[in-house]
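Undergrad: Next come a sequence and a model predicted from it.
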Amino acid sequence: MIQQIISHTPVYVWALLAFLVYRGVLATRDREVAFGKLFIIPAVMVAISVAGINGHGLLGAGVWGVWLTAMAAGAALTWLAGKERIAVNHDAGTVLQRGSWVPLAMMLAVFVSKYAVAVTSAMHPALQGRIMFVLAVSVLFGLFNGFFVGRLLRYVAAYNRQTTFTIA
């Protein structure tokens, strides 16, 4: 069964996984990142999640409210939990990102969750009609996205302050 699931997975899914692993490994090392590039991973993670949410299903458009609420909660938690200093170089237009394994773990969590939801939904289509499944998926994807959005907002706030930014 596992072989069948993997063989029916489109090639672009494996390319996306390779990209996420590559970006996640980069995030394990301290590096200066151009301000605009800070938006890439949060945008990719939101796109992956949005592609897995059905706004025409059981909750209708309400699913977006659940997802947005969970994303706001995840962003707030990430904002409040962030204690590292963020160094900004306005002359170069860069931000120093401290190395961490957390972004890689979160990217893989989003990927695995999205993959598991897609496989489960294909194997058991009736789950899409169960409120707890729909709510769980929406909340899970929202919380994951909140991590990336909250982290991005900390960098944007530091960049806009034009000084090193610390949340105590």
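TA: Yes, it's here.
Undergrad: can you give me phi and psi for Gly52?
TA: For Gly52, the backbone dihedrals are phi -100, psi 0 (criterion: degrees, to the nearest 10).
Undergrad: And the strands in this structure, which stretches?
TA: Secondary structure of the chain, counting by DSSP state E: strands at 31-34, 87-89, 94-97.
Undergrad: out of the ones you listed, deepest packed?
TA: Mean neighbour count (mean count of other C-beta atoms under 10 Å) peaks for strand 94-97 among the strands of the chain, with a mean of 20. Backbone N, C-alpha and C define where each C-beta goes, glycine included.
Undergrad: Relative to the whole chain's centre, how far out is stretch 8-19?
TA: Centroid separation between stretch 8-19 and its chain, computed with C-alpha atoms, centre = their mean, to the nearest Å, is 17 Å.
Undergrad: Kindly export that stretch (C-alpha atoms) in CSV.
TA: Once non-C-alpha atoms are left out, stretch 8-19 reads as follows in CSV (Å, rounded to 0.1, in the frame of the first residue of the first chain):
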residue,chain,number,x,y,z
HIS,A,8,0.9,7.8,-7.3
THR,A,9,2.4,11.0,-5.8
PRO,A,10,3.1,13.6,-8.5
VAL,A,11,6.8,14.4,-9.2
TYR,A,12,6.2,18.1,-8.2
VAL,A,13,5.4,17.0,-4.7
TRP,A,14,8.9,15.5,-4.3
ALA,A,15,10.5,18.6,-5.9
LEU,A,16,8.6,20.7,-3.3
LEU,A,17,9.9,18.4,-0.5
ALA,A,18,13.5,18.8,-1.8
PHE,A,19,13.1,22.6,-1.9
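Undergrad: Reformat the strands of the chain as a markdown table; add mean pLDDT.
TA: Formatted as a markdown table, the strands of the chain follow (pLDDT from 0 to 100):
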| stretch | mean pLDDT |
| --- | --- |
| strand 31-34 | 92 |
| strand 87-89 | 89 |
| strand 94-97 | 90 |
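Undergrad: mind putting these in a markdown table, distance to Thr69 included?
TA: Listed next are these as a markdown table, based on distance: least, C-beta to C-beta, whole Å:
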| stretch | distance to Thr69 |
| --- | --- |
| strand 31-34 | 29 |
| strand 87-89 | 31 |
| strand 94-97 | 28 |
